Every structure is written in C-alpha cells, then in structure tokens.
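# Sequence isn't available, so here's the structure alone:
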C-alpha cells in the first residue's frame, strides 16, 4: 500500500543551501509526517514552478543570489495571492521581518530557531491553507447544491432536499484531513454517511470503526492505540491499535459522546498532535488516518454540563453535519417504506406484496422515534408475518399502539363527546390545520393522509384562507 502524501498540496522549499534544504525536508518528514515537499535551489526557477500549480505553501530563504527572498515574496504576492508564504532567514532582522509581514508573509522564522517552534509554525500554516481550500469548496457546493458523485450515496434512499444538501457538503469535505462530526438521532443513517465520506475521500486505506459506547479508559486506549509486548499483565505480544490499522484510510469513532473525560483528553491530543503512544511504548506513532466521529448525543449540551471537553468539541466540529430525524422529512417515508419492502422481500425470498392504500397515511401519522431503523424493523416484522397477496396493517398498528381491527366509524367519532358541535366550516378548518401540521406543511403528503387529491387539498386550503 502506497503511503499518501501529506498535505494534499505541495510545499515548495526555496533556499540556495543544499544541506539546509535536505535537512529541513527530513525534519518535516520525521517530526510531522510532512512528505509532499518539493525543493528549489535556484530562486529564479520558483515562479515557473508556481505557474504549474499544485503549490499551497512556500518556505523561502531571505538571502539568496540572483533573486532575493523579498523580491520573490513580492512577486508571489502579486501573481499567486492564494499561495501562503513563510520566510526563513539566517539572521534575526526585525526590520526585514516587519517588511516581509507587510508584503503578505504568513510568518517569519530564523534558521537558528528551535525545531519545535519552526515545525509548529509550518503546521499552523498548513492547517490554514487546508481550511481556506475547504471553505472555498464548501461555499461553491452549497451555492450550486450539486451532488457530483451520486453513486456514493446510492444506499441512502431519500427525496429530501435537506439530505441532498448534506450529500453536497460531505462531497466538499470528504478529502479534508480534518475531523468530520456527524450528529443525529439513533437510526437516522449516520453510518451510511460515514461510508460515503470514506468512499469519496479516495483514501487507499480501509474504513476502521470503533464504537466508544461503554468502553472504559483502559480498553479505549488499548483498542485505539494498541500496546507493546509486556505493557501489562497478559500482554504476551505486541498488538496494533485501530489507529494504525486505519493508516491511509478512515478511523470512525462511533458514539463519541459516551467517552469518559480521561479518554477525551487522549483523543484530543491525537487530533491536535496527530501522534499517539501505544501502551507501554515511549516512541510516538503518527496518525495517518482521517477521523470521522458520530454521536446521537447533544454534544453542546454535554459540554455545557461539564461532561464533554470544550476543546475537543470544537476540534471535532471543524466539519459538522446534523442529520434530521425522519419525522422532519416525511417526504422520505414512502420511498423508504417501498425500499425496505423490496429489501425484505429479497431477504425472505418472497414476492413483493400488494400494499393497502392506508399504509402510507398510517406511516405518516407516526413520529418514528427510531427513525429509518425503526421503519425497517416494522417492515421486516410485517413481512415475516405476511400471508396472502396484500400486506396486512395489523403489525404496523400494533407497533404504533393503535387498534388492529377496523372499528365502526361511530366508535372513532371525535365529536361524540362534544357538548357543542362545530359547524362544517369549523370542522374542515380544524382538520386541515391538523393534517398540514402532521404533513410538515406539504400538501401532497396531507392529501395522501386524507385520501384525497393534492388539488382538492389546495382548493380547500385556499377557501379557508379566503374566509
């Protein structure tokens, strides 16, 4: 498996000293895993390299023959304003540093600065470049609303515009090295979006999942980071953690809201430093996977309650999508029902049964606290009990807590207990208000719930508003 270059854009190192260039490139590789580097020993060649594209960050020496660092910095600012520049000088010259910053340099360092400070500054510049690229891409996708790779979301059945907006956003940030947080109630389909994000990332490594629910700190640490031989009693051999198994791929941390505070601290360091220590080891390993986290919990509320670290919350929220519950996208209920029905028929090796006309209105009246997973379970249960040619509503009604046997109309008469009866106009208005509320304002769904045409609903709503 080939090792992916980091970062996704190229860093151009410009210096006339061969030894310094080689030393800096090696330092970046060993200290921060920065491997996408190109060396330039002649400042006169730098602009031609930039013209070819692909350069996101330039590190240039201030004092060079032919074309000085300040002259080159000015040319880059004029011709390639999207490229970030860091100046590295052999001398600590305050006036030169001020001039470079005024000309657009991101930062200024002296070659004698300690390694940690220099590498840290370069990493900050890389993060800024990555975020700028991602913001431009996200902005472009959200404006167009375009989903360029629908095959990545083929397993998600939806008509919802809100879901298509989520697809577009995930496409835009799929290749980002920064964490992606997916929130939403249980059963809304967060894992399907994780698989889509991994597919779209183009990463060569696998998708590796860890469910954090119920894990204490020791088990979480050992599972995620692994251990060396002799790290604890019973550790007869070394074991790689999931962070290593996910190299060049995606590390999916599910139910992240259930992590203990001590585990949160370790995860925060992993995300900030992109390195970790296997249990019993004093040698760090670099994280070479993209992290995606998911939770059904309200992390903002847990952070306010002191149950989730604020710094970890904001680190995870660099890219964030919230999946709406099924009750907020009722237009998805019918296509999801038919998709689940076909799927269940295939599993049970039976023909797809006929559906009674009342099935969709019945499903639309249910709030679905278990979301898509609940709907799927209802359909599979109904198919397991199915006999004849038409699907029975009995199991659906039992699940929803309504009667299984059709009762006479008088038994369900909502006016039977009323002392004063409404007029026809008042009754119609109340019924229309209630059905539109349950249908989320969508006339087509309201019509299906009442068993009338969409035009009939539209006409009656118009009459009510006029009177």
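The structure has been received and is ready for your questions. In this text the structure is predicted, and so the values were computed from the model without any measurement.

# going forward, measure contacts and count neighbours with C-alpha atoms only.
Fine.

# remind me which residues of the protein are low pLDDT?
Scanning the chain for pLDDT under 70 picks out 1-4, 139-145, 402-412, 448, 467.

# show me what contacts the residue sitting nearest the centre point of it?
What sits nearest the mean C-alpha location of the chain, by Cα atoms, centre = their mean, is residue 180, with 3.9 Å. Residues counted as contacts of residue 180 (Cα atoms under 8 Å, 6 or more residues apart in numbering) are 291-293, 316-321.

# As JSON lines, those with distance to residue 64 would be great.
Converted to JSON lines, those look like this (distance: Cα to Cα, whole Å):
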{"residue": "291", "distance to residue 64": "41"}
{"residue": "292", "distance to residue 64": "44"}
{"residue": "293", "distance to residue 64": "46"}
{"residue": "316", "distance to residue 64": "42"}
{"residue": "317", "distance to residue 64": "42"}
{"residue": "318", "distance to residue 64": "39"}
{"residue": "319", "distance to residue 64": "41"}
{"residue": "320", "distance to residue 64": "44"}
{"residue": "321", "distance to residue 64": "47"}
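
# re earlier: tell me how far the residue nearest to the centre of the chain lies from residue 233.
36 Å (Cα to Cα, to the nearest Å).

# Residue 381 is in what secondary structure piece?
Residue 381 belongs to helix 371-384 when assigned by DSSP states H and E.

# who does that helix touch, helix- and strand-wise?
If you count contacts as 3 or more Cα pairs under 8 Å, 6 or more residues apart in numbering; DSSP states H and E, helix 371-384 packs onto helix 333-348, helix 394-400.

# Pull out the buried positions in the first one.
Applying a neighbour-count criterion of 16 or more other Cα atoms under 10 Å, one finds 333-334, 336-345 buried in helix 333-348.

# Residue 80: which of these is nearest?
Ranked by distance to residue 80 (Cα to Cα), these are led by residue 336 at 49.0 Å.

# list the contacts for the closest one?
Per Cα under 8 Å, 6+ apart, neighbours of residue 336: 157-158, 372, 375.

# Determine which two of these are furthest apart.
By the measure Cα to Cα, 158 and 375 form the most distant pair in the contacts of residue 336, at 13.7 Å.

# Looking at those two, which has the bigger crowd around it?
Counted by other Cα atoms under 10 Å, residue 158 and residue 375 do not tie: residue 375 has more neighbours, with 22 against 18.

# My guess is the more buried one contacts residue 368. True?
Yes: the pair residue 375 / residue 368 is scored as a contact, 7.4 Å apart, by Cα atoms under 8 Å.

# ok, residue 244 to residue 206 distance?
According to Cα to Cα, residue 244 and residue 206 sit 11 Å apart.

# neighbour-wise, which of those two wins?
Taking other Cα under 10 Å, residue 244 and residue 206 do not tie; residue 244 has more neighbours (22 against 16).
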